[in-house]
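# how would this look folded up:
(one chain, ligands or ions: 1)
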Amino acid sequence: MQVTFYGAVREVTGSMHLIETENDKILLDCGMFQGRRRESAEKNRILQVDPRKITNMILSHAHIDHSGRIPLLVKNGFAGRVVCTRATAQASEYLLSDSAHIQESDAEYLNYKTVRNHINHLSKSKNGGQGGRDQTAKLRKTLKKNRYQLNPETINGLIGEYGLEGVEPLYTTADAQAAIEAFEGNPYRHPVPVGHQATCTLYDAGHILGSAISIIKIQNNGRTYTVGYTGDIGRFDKPIIKDPTLDFEPEDRDIDLLIMESTYGDRLHEPVIDLKPRLQAVLNETFERGGAVLIPSFAFGRTQELLYVLHELYDEGAVPRKPIYVDSPLATNITRVFGEHPEVYDQAAHETFLQQGKNPFSFDKVTFVGSVEESMALNRDENPHVVISASGMCEAGRILHHLRFKIHNERHTVLIVGFMAAHTLGRRLLEQGLAYAESGRKGPAPIMRILNKEYPLKAQVVKLGGFSAHGDKNELRHFLKASNLNVKQIAIVHGEEDQSLSFAESLKQDGYAVTVPQTGEPMRL
Ligand SMILES: [Zn+2]
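Residues are numbered from 1 along each chain as shown. Model prediction:
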């Protein structure tokens, strides 16, 4: 039998690996590549494995870089089941629909640009004078419903009429819905068949609600092989969900090959314990200035962690009880999924909230904002409050409107709690905001471009570390050392190349047999 590493190899996104035996092809994850737009778009369209030949797939967790191409897989003939935990199946329903919606709007926007450029080109080549220019301007206007909304019917019509090359979305909302039908939610620690002579047992990975470490046992040529796949491994002692599993069942302990993540294989995080007091300080300082705290946040995971810690601070009377708004429809849906899975919470969550009949994520000061109108009213609210809104890196979504109404005012705070990739608005806010503070706020404030308009960044920018869903170098090593797994060989994936190579080096020093595979490189067992 052999294992081939197709995605998240010497990089962090696009997780996908294949186990092939004499009878089966079992896919581990089928994630989206993210990063530079054009490059990822090209990589995402190519599935290196024929979906019709895959027996079943195992999904480690619902993050899009692990699950995002499942609709493409199903669209291209995959007929097996997607084996995962129940929470992952439920969260995926919302996350994959959201992803499909993004695919559709991206395609719409690219087609809009194609048509607009073509119209501009026509008007120039015609040289039609004022009448021609007026006509062009009129035609250009029909491409939009209003300032922020495109008109796809007109755009697609003109693509056909002019014979232009349009872009199809990677998959549609309908494709995502069809994919959800293939999902099979399972409990942790319960072996399920995934092939003719293969079973998989899922263990809590402590990374995100429903995340799993998969232990796959396969009969091949009269021998039993055990392959472990860590998926993403969480931090120890973080709020809400349990720590990564250290105690595996006796039959799952002897691992021939462990496929292991290495996102922070060469880094150390701030301690989890510092989070709460730092959040408390930010809230107190901002409320004292009479300002609001804007928190760009991922809808899945980070938003619920924030609500949890805020709930604790409010219950303890550590901060003034100002209103908290969750302004992201996806975050609202995902928070409901969290509420439905108390079985995965850690002991502290049970003791602090559940045993007292409290929902950790919803209390009298929290409002889940529904309609666009409510969201717009909140934009104009100048009273002290907290807004948690998506997208996490400020690339789209309602957070943009909160920012454009508030960042020019030094009373307010933009609180950065997550990773900001290069070339995103979130990264520019973070870097330029911190640099401005370091300079003693001298000279003109940095200028931010939001929805095609410029705004001075006078609000305070604060970064809170420690909110990471991934274990750092020492936590990853702790997982290996403190767990009762006996690992023969480790393949390092899911890390930028320098992180993976450095982590491999430190594991070699710990005495493990380690490889860092190349993309598409098969490993025989
Ligand atoms: Zn993840």
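# low-confidence stretches in the stretch 1-150 of the chain?
126-129, 131 (pLDDT under 70).
# tell me the residue of it that sits nearest the ion?
residue 63 (3.5 Å; CB to the ion). From N, CA and C alone the C-beta is placed, and that goes for glycine too.
# that residue - nearest residue in space that isn't next to it in sequence?
residue 208 (6.5 Å; CB to CB, 6 or more residues apart in numbering).
# show me what contacts the one you found?
By CB atoms under 8 Å, 6 or more residues apart in numbering, the contact list for residue 208 reads 61-63, 232, 234, 241, 300-301, 469.
# show me what the worst-scoring helix or strand of the chain on mean pLDDT packs onto, helices and strands only.
In the chain, no helix or strand scores lower on mean pLDDT, DSSP states H and E than helix 129-141, which sits at a mean of 78. Where contact means 3 or more CB pairs under 8 Å, 6 or more residues apart in numbering; DSSP states H and E, helix 129-141 is packed against helix 86-126.
# now residue 290: closest residue in space that isn't a chain neighbour?
residue 411 is the one closest to residue 290 (CB to CB, 6+ apart), at 5.5 Å.
# that neighbour: which element?
Assessed by DSSP states H and E, residue 411 sits outside every helix and strand.
# how many residues are close by residue 458?
18 (other CB atoms under 10 Å).
# circling back: got the buried residues for the least confident helix or strand of the chain?
Across helix 129-141, burial judged by 16 or more other CB atoms under 10 Å covers 136, 139.
# how about residue 95: what's its closest non-neighbour residue?
Closest to residue 95 by CB to CB, 6+ apart is residue 62, at 5.3 Å.
# give me the distance between the residue nearest to residue 63 and residue 298.
10 Å (CB to CB, to the nearest Å).
# residue 291 too?
23 Å.
# sorry, back to before: quick check, pLDDT for the residue nearest to residue 290.
Residue 411 carries a pLDDT value of 97.
# near the ion, which residues of the stretch 101-250 of the chain are found?
Selection of the stretch 101-250 of the chain residues close to the ion by CB under 5 Å from the ion yields residue 232.
# just the helices in the stretch 101-250 of the chain please.
129-141, 152-162, 173-180 (DSSP state H, counting those that start in this stretch).
# tilt between the lengthiest strand in the chain and helix 86-126?
Counting by DSSP state E, the longest strand found in the chain is strand 212-220. Going by axes from the mean of the first three to the mean of the last three CA atoms, to 10 degrees, strand 212-220 is angled at 100 degrees with respect to helix 86-126.
# mind starting the numbering at 26 from now?
Shifting the count to begin at 26 puts that one at strand 237-245.
# what about stretch 537-547, start to end distance?
Stretch 537-547 has an end-to-end distance of 20 Å (criterion: CA to CA, to the nearest Å).
# typed the wrong thing, it's stretch 466-484
11 Å.
# now it, how far from the centre of its chain.
Taking CA atoms, centre = their mean, to the nearest Å, one finds the center of stretch 466-484 at 27 Å from the center of the full chain.
# quick one on the thing from earlier: neighbours around the residue nearest to residue 120, how many?
Count around residue 87 with other CB under 10 Å applied: 29.
# ok, it - contacts?
109, 112-113, 116-117, 120, 233-235, 325.
# let's see it at 7 Å
113, 116-117, 120, 235, 325 (CB atoms under 7 Å, 6 or more residues apart in numbering).
# quick one on the thing from earlier: and the longest strand of the chain, what does it pack onto?
strand 223-229, strand 248-254 (3 or more CB pairs under 7 Å, 6 or more residues apart in numbering; DSSP states H and E).
# and those strands, which is most packed in?
Of all the helices and strands packed on strand 237-245, strand 223-229 has the most neighbours on average by mean count of other CB atoms under 10 Å, namely a mean of 23.
# parallel or antiparallel, which strands does that one pair with?
Applying DSSP bridges to the sheet, strand 223-229 is found paired with strand 217-220 (antiparallel), strand 237-245 (antiparallel).
# could I have that strand exported to CSV, CA atoms only?
This file holds the C-alpha atoms of strand 223-229, laid out as CSV (Å, rounded to 0.1, in the frame of the first residue of the first chain):
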residue,chain,number,x,y,z
ALA,A,223,-10.3,-0.6,6.5
THR,A,224,-11.7,1.2,9.6
CYS,A,225,-11.2,4.6,11.0
THR,A,226,-11.5,5.9,14.6
LEU,A,227,-11.8,9.6,15.3
TYR,A,228,-10.2,11.2,18.4
ASP,A,229,-10.6,14.8,19.6
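# which residue ranges make up the domains of this structure?
27-122+198-293+494-549, 126-187, 297-492 (automatic domain parsing).
# ok, of these, where does mean pLDDT dip lowest?
It's domain 126-187: among those, that one has the lowest mean pLDDT, namely a mean of 85.
# ends of that one, how far apart?
With CA to CA as the measure, the first residue of domain 126-187 is 26 Å from its last.
# ranges for the helices of the stretch 326-475 of the chain?
Under DSSP H, counting those that start in this stretch, the stretch 326-475 of the chain gives helices at 327-340, 354-364, 372-377, 397-404, 424-431, 450-463.
# for residue 211, what are its contacts?
Residue 211 touches 108, 110-111, 217, 227, counting by CB under 7 Å, 6+ apart.
# now do the residue of the stretch 126-275 of the chain found nearest the ion against residue 520, distance only.
The stretch 126-275 of the chain approaches the ion most closely through residue 257 (3.8 Å), counting by CB to the ion. Residue 257 is 11 Å from residue 520, where distance means CB to CB.
# shared neighbours, these two?
With CB under 7 Å, 6+ apart as the test, residue 257 and residue 520 both reach residue 286.
# looking at the helices and strands packed on strand 237-245, which is nearest to residue 425?
strand 223-229 (35.3 Å; CB to CB).
# tell me the angle that closest one makes with strand 248-254.
Going by the same axes, to 10 degrees, strand 223-229 makes 30 degrees with strand 248-254.
# hmm, who's touching strand 223-229?
49, 51, 83, 108, 110, 211, 213-219, 237-243, 267, 270, 273, 277, 369.
# switch to 8 Å and redo it
Residues contacting strand 223-229 (CB under 8 Å, 6+ apart): 44, 46, 49, 51, 83, 108-110, 211-219, 236-244, 266-267, 269-270, 273-274, 277, 369.
# could you look up the SS state of residue 523?
Per DSSP: H, G, I helix; E, B strand; the rest coil, the local secondary structure of residue 523 is helix.
# need the contact list for it.
residue 291.
# make a markdown table from the helices of the stretch 126-275 of the chain and add distance to residue 300 to it.
Formatted as a markdown table, these follow (distance: least, CB to CB, whole Å):
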| stretch | distance to residue 300 |
| --- | --- |
| helix 154-166 | 49 |
| helix 177-187 | 43 |
| helix 198-205 | 34 |
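# out of the helices of the stretch 326-475 of the chain, which gets nearest to the ion?
helix 327-340 (11.5 Å).
# kindly export the closest one (C-alpha atoms) in CSV.
Provided in CSV are the C-alpha atoms of helix 327-340 (Å, rounded to 0.1, in the frame of the first residue of the first chain):
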residue,chain,number,x,y,z
ARG,A,327,-12.5,32.6,17.2
THR,A,328,-15.9,34.3,17.6
GLN,A,329,-17.1,31.7,20.1
GLU,A,330,-13.8,31.9,22.0
LEU,A,331,-14.3,35.6,22.3
LEU,A,332,-17.9,35.3,23.5
TYR,A,333,-16.8,32.7,26.0
VAL,A,334,-14.1,34.9,27.6
LEU,A,335,-16.3,38.0,27.4
HIS,A,336,-19.1,36.1,29.2
GLU,A,337,-16.6,35.2,32.0
LEU,A,338,-15.4,38.8,32.3
TYR,A,339,-19.0,40.1,32.4
ASP,A,340,-20.1,37.5,35.0
